[in-house]
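Undergrad: Attaching a predicted model along with its sequence, questions to come.
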Amino acid sequence: MSTRVRFAPSPTGRLHTGGARCALFNYLYARVTGGKFILRIEDTDVKRSSKNYLGDILDGLKWLGMEWDEGPYYQSERLAEYSAVAQRLIEEGLAYRDPEGSAAVYFKMPKVRVSWEDLIHGEISFDCSLLDDLVLIKSDGTPTYNFACVVDDVGLGVTHVIRGDDHISNTPKQIALYRALGKPQPKFAHIPLILGPDKKRLSKRHGAKSVLEYRDEGILSDALFNFLALLSWSPGDEREFMSRGEIIKKFSLKKVKKTAAVFDYEKLLWLNQQYLKRLGDEEAAEGFKRFLPSVERDSGFWLEFARLYKVRVRKFSEIKEAADFFFGDVKYDESAVKEHLFGEDKKNLLGGLFRRLESLQVWEIKELERVVREYAESGGREAKEIIHPVRVALTGRTASPGLFEVMVLLGRQTVLERLKRWVL
RNA sequence: GACCCCGUCGUCUAAGGGUUAGGACACGGGCCUUUCAAGCCCGAAGCGCGGGUUCGAAUCCCGUCGGGGUCACCA
């Protein structure tokens, strides 16, 4: 029988990191087993559900490249089914109506010990006599989570329930329901939660943002996919930088750890940079442009710009700060100016170079480098003694891509203009 | 509090009865170099604790401590 797994988010919030990782493991398991990845929307809480959240979830899944094979199914469209099943349980004497007279239906919790062989944790057992009778149908006629979940997992023929550890305590209740329904229970795999730096469950504060926010700050889909896969799972060897194909090929629930993982944003950035620097110049340029003012530059500029910067930032959004001097006037860093541009000597130095550059016909990397080095030599100086001040004059800072590349990208006019400010 | 789950460098992890406990991020140092990155090299850093079992325990068992999760007519 082929595997059927599902991701069943509730549209009461955006697709955050934890949800995305849960979806990912389901997705990977479906792909590695050649089964189906089903999407079900648990929208029975009408008051808290919203169209915006739903959109965020669907867009997030698509952006991460986790296309579902079936669905989305909506629980809000299956209310009649839940009522019918509840009715049947009442008739069989396994459930009863609210004695107070509301429309609520309760399940008679069997006072037995249940256990299951969890695919991640091994045997887990729980004494159901500790549990109260379970509300199946609320007084407003809508089903509760545990009930709708079981009815739908049965209806959709779900074979493996892969979900967060926080559902372990729901599992005994659901197993009791499967038994009452006379249906075989699926395999359960409870995957560890993702924790924040404070070792608490990931919250808004640190990382539980929508996956779309990662997209919007210039994290690559491939990188987040790769990073999420590595939380509580590893292929067993020492590989970390892996394509989707490799991950799908290697994924196995057996290699999923039992321990919760702390979400390390720094490592995500590192992984993202690994992807970024391997990007083609054209693609990288498009990514950078999203965070830059829209200015007219030819494609030659953008390709070179991307080539220089894709190894210097960890995510696209960092370009705004890193390369601001290309797209507006320079913001001079005070201490850099103080160190490299103060004094008569520096001004004379730059003045001499300014005159040589002014008369230069060819504005190319090699030629510029030749001129600067010759100029330095003629004055008995090391090249860096002139390169550093020029860099500060042109970029306002002490760190930038190679100076001659920068000079070419900036263009003759801008270079001479900025240099002139420090001459006299 | 009750119940359930879980403890390997700061973090992500590998190995799992006999290894100098391996890798990665971050951190420190070096090389390269016009600076910054990238890259390469080196370094510091870990089996929560206590008992067993065993010739031998990070690994198995028990306890303890610590962390997390769940205890809704929310999902």
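TA: Right, received. Where do you want to start? Numbers count the residues shown, from 1 in each chain, chains lettered A, B, ... in the order given.
Undergrad: From the recorded domain assignment, give the ranges for chain A.
TA: The record's domain parsing of chain A by automatic domain parsing lists A:1-73+A:192-278, A:283-326, A:334-420.
Undergrad: who are the neighbours in contact with the most far-flung residue of chain A relative to its centre?
TA: Farthest-out residue of chain A from its mean C-alpha position, per Cα atoms, centre = their mean: residue A:378, at 53.7 Å. By Cβ atoms under 8 Å, 6 or more residues apart in numbering, the contact set of residue A:378 is empty. In this view, the C-beta of every residue, glycine as well, is placed from N, C-alpha and C.
Undergrad: Of the domains of chain A, give the one that comes closest to residue A:113.
TA: Judged by Cβ to Cβ, the one of the domains of chain A that comes nearest to residue A:113 is domain A:1-73+A:192-278, at 22.1 Å.
Undergrad: Grab the nearest non-local neighbour of residue A:145.
TA: residue A:42 (6.9 Å; Cβ to Cβ, 6 or more residues apart in numbering).
Undergrad: The one you found against residue A:146, yeah?
TA: No: shown here, residue A:42 and residue A:146 do not form a contact pair, counting by Cβ atoms under 8 Å, at 11.1 Å.
Undergrad: Are there residues contacting both of those two? Which ones?
TA: Contact criterion Cβ under 8 Å, 6+ apart; residues shared by residue A:42 and residue A:146: none found.
Undergrad: Relative to residue A:327, how far out is the residue nearest to residue A:37 when sequence neighbours are not counted?
TA: Nearest residue to residue A:37 in three dimensions, chain neighbours excluded: residue A:30, at 3.8 Å (Cβ to Cβ, 6+ apart). Using Cβ to Cβ, to the nearest Å, we find residue A:30 at a distance of 45 Å from residue A:327.
Undergrad: Mind checking which of these two has more residues around it?
TA: residue A:30 (25 against 13; other Cβ atoms under 10 Å).
Undergrad: Okay, and the more buried one sits in which element?
TA: Using DSSP states H and E, residue A:30 maps to helix A:17-33.
Undergrad: Burial check on the residue nearest to residue A:145, number of neighbours?
TA: 20.
Undergrad: Quick check: which ranges of chain A have low pLDDT?
TA: A:203-208 (pLDDT under 70).
Undergrad: ok, now with 90
TA: Low-confidence segments of chain A (pLDDT under 90): A:1, A:46, A:71, A:197-209, A:236, A:294-296, A:340-348, A:361, A:379, A:423-424.
Undergrad: All the strands of it, in order from the start?
TA: Secondary structure of chain A, counting by DSSP state E: strands at A:4-7, A:36-41, A:70-74, A:95-97, A:105-107, A:113-118, A:122-127, A:134-137, A:160-164, A:187-191, A:194-195, A:261-262.
Undergrad: Now do the second one against helix A:17-33: the angle between them, please.
TA: What it means is strand A:36-41. 150 degrees (axes from the mean of the first three to the mean of the last three Cα atoms, to 10 degrees).
Undergrad: same for strand A:36-41, what does it pack against?
TA: Judged by 3 or more Cβ pairs under 8 Å, 6 or more residues apart in numbering; DSSP states H and E, strand A:36-41 is in contact with strand A:4-7, helix A:17-33, helix A:51-63, strand A:70-74.
Undergrad: Return the alpha-carbon coordinates of it using PDB.
TA: Extracted C-alpha coordinates of strand A:36-41, given in PDB (Å, rounded to 0.1, in the frame of the first residue of the first chain):
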ATOM      1  CA  LYS A  36       1.100  11.100  -1.600                       C
ATOM      2  CA  PHE A  37       1.500  14.400   0.300                       C
ATOM      3  CA  ILE A  38      -1.900  15.700   1.200                       C
ATOM      4  CA  LEU A  39      -2.800  19.200   2.300                       C
ATOM      5  CA  ARG A  40      -5.700  19.600   4.700                       C
ATOM      6  CA  ILE A  41      -6.900  22.800   6.200                       C
END
